[in-house]
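Chemist: coords please:
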Amino acid sequence: MNLIDIVVTKLLKYMNEQKLTQYQLAELSNVPYATIKSIMQRRIKNISLKTIIMLSKGLGMRTKDFLDDIKFDEIDMI
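Modeler: Numbering: from 1, shown residues only. Purely as a prediction, here's the structure:
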């Protein structure tokens, strides 16, 4: 699993729990809808820490809680 796959999986989980659409998450996080759509469709290769911070805040959670997943430790960044 790569970084985007993990982020998308986590976004889907938390968005489903909160019954949020991509558009609603864009409004809550101040991340452009087009960016969220690109992430969810896996059309981007990398995601910045800033974007992850903004998305986690939009989900109403701390970034460290969003990133607290062993899957992030297993990513091969090369």
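
Chemist: give me the number of residues near the closest residue to Lys57 other than its chain neighbours?
Modeler: Using Cβ to Cβ, 6 or more residues apart in numbering and skipping residues adjacent in sequence, the residue nearest Lys57 is Ser29, 6.3 Å away. The way it works is simple: take the backbone N, C-alpha and C, and place the C-beta from them, glycine included. Residues near Ser29, counting by other Cβ atoms under 10 Å, number 20.

Chemist: again with Thr35
Modeler: Neighbour count for Thr35, taken as other Cβ under 10 Å: 17.

Chemist: quick revisit: for the residue nearest to Lys57, what are its contacts?
Modeler: Applying Cβ atoms under 8 Å, 6 or more residues apart in numbering, we find Ser29 in contact with Ile36, Met54, Leu55, Lys57, Gly58, Leu59.

Chemist: what's the answer for Val31, then?
Modeler: Counting by Cβ under 8 Å, 6+ apart, Val31 makes contact with Leu25, Thr51, Met54, Leu55, Gly58.

Chemist: now do 7 Å
Modeler: Val31 sits next to Thr51, Met54, Leu55, Gly58 when contact means Cβ atoms under 7 Å, 6 or more residues apart in numbering.

Chemist: got a winner among the residues you listed for most neighbours?
Modeler: For these, neighbours tallied by other Cβ under 10 Å; top is Leu55, 27 neighbours.

Chemist: Identify the residues contacting the helix or strand containing that one?
Modeler: Secondary structure assignment for Leu55, by DSSP states H and E: helix 49-58. Contacts of helix 49-58 with the rest of the structure, by Cβ under 7 Å, 6+ apart, involve Val7, Leu11, Leu25, Leu28, Ser29, Asn30, Val31, Thr35, Arg62, Thr63, Phe66.

Chemist: Narrow those residues to just the buried residues.
Modeler: Buried members of the contacts of helix 49-58, counted by 16 or more other Cβ atoms under 10 Å: Val7, Leu11, Leu25, Leu28, Ser29, Val31, Thr35, Phe66.

Chemist: Pull the contacting residues for the last one.
Modeler: For Phe66, the contacting residues are Lys10, Ile52, Ser56, taking Cβ under 7 Å, 6+ apart as the criterion.

Chemist: Can you give me the neighbour number for the first one?
Modeler: Think Lys10. Lys10 - counted by other Cβ under 10 Å - has 19 other residues nearby.
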